[in-house]
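Engineer: Got a predicted structure plus its sequence, pasted below:
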Amino acid sequence: MKPIGVIRSPFQNTAQGVPIQGALAPEIRGTVEIYPEYVPGLKDLEGFSHVCLLYLFHRASGEKLTVVPYMDTEPRGVFSTRSPHRP
């Protein structure tokens, strides 16, 4: 995988203040910074309603194949959840 940019958020600590879901904190804004050499690839993107971003949780620690999601009681496969603890 070769990064073409960086996603930034106002959160510096992964364990403090990060909302469970973005919809619960609509006032919080992040940014997507594309490295200059890739900016030409954004041409005509404004014509679309959505953009898919693939990202790596570089500050996540540990890997778990099953997790118990927030407000759930049953273990779920990590890939069916929003957990950052992925292999």
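Structural biologist: Yep, that arrived. Residues are numbered from 1 along each chain as shown.
Engineer: Of all residues in the chain, which one is nearest the centre?
Structural biologist: By Cα atoms, centre = their mean, the chain has its centre lying nearest to Tyr55, at 6.1 Å.
Engineer: how many other residues sit next to the residue lying closest to Thr66 once chain neighbours are set aside?
Structural biologist: Counting by Cβ to Cβ, 6 or more residues apart in numbering, Thr66 lies nearest to Pro75, which is 4.3 Å off, once chain neighbours are set aside. To be clear about C-beta, it is placed using only N, CA and C from the backbone, and glycine gets the same treatment. As a burial measure, Pro75 scores 13 neighbours (other Cβ atoms under 10 Å).
Engineer: What residues does Pro75 make contact with?
Structural biologist: 66-68 (Cβ atoms under 8 Å, 6 or more residues apart in numbering).
Engineer: Just the strands from the chain, written as ranges.
Structural biologist: 5-8, 31-34, 66-67, 76-77 (DSSP state E).
Engineer: Would you mind confirming that Ile20 makes contact with Tyr70?
Structural biologist: Yes: Ile20 is within contact range of Tyr70, at 5.2 Å (criterion: Cβ atoms under 8 Å).
Engineer: before we move on, the earlier item: distance check, the residue nearest to Thr66 against Arg8.
Structural biologist: In this view, Pro75 and Arg8 are 32 Å apart by Cβ to Cβ, to the nearest Å.
Engineer: repeat for Val18
Structural biologist: Applying Cβ to Cβ, the value for Val18 to Arg8 is 13 Å.
Engineer: who's more crowded, the two?
Structural biologist: Taking other Cβ under 10 Å, Val18 and Arg8 do not tie; Val18 has more neighbours (14 against 11).
Engineer: Compute the distance between the residue nearest to the centre of the chain and Gly5, please.
Structural biologist: With Cβ to Cβ as the criterion, Tyr55 and Gly5 are 10 Å apart.
Engineer: Report the beta-bridge partners for Ile7.
Structural biologist: Counting by DSSP bridges, Ile7 is bridged to Val32.
Engineer: Export stretch 58-67 to PDB, keeping only CA atoms.
Structural biologist: Output of stretch 58-67 as PDB, limited to C-alpha atoms (Å, rounded to 0.1, in the frame of the first residue of the first chain):
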ATOM      1  CA  HIS A  58      -1.700   3.600  12.500                       C
ATOM      2  CA  ARG A  59      -2.300   4.300  16.200                       C
ATOM      3  CA  ALA A  60      -4.500   1.300  16.900                       C
ATOM      4  CA  SER A  61      -2.900  -1.300  19.200                       C
ATOM      5  CA  GLY A  62      -3.600  -5.000  19.300                       C
ATOM      6  CA  GLU A  63      -5.500  -7.200  17.000                       C
ATOM      7  CA  LYS A  64      -8.700  -9.000  17.800                       C
ATOM      8  CA  LEU A  65     -10.700 -11.200  15.500                       C
ATOM      9  CA  THR A  66     -13.900 -10.900  17.600                       C
ATOM     10  CA  VAL A  67     -15.000  -7.800  19.500                       C
END
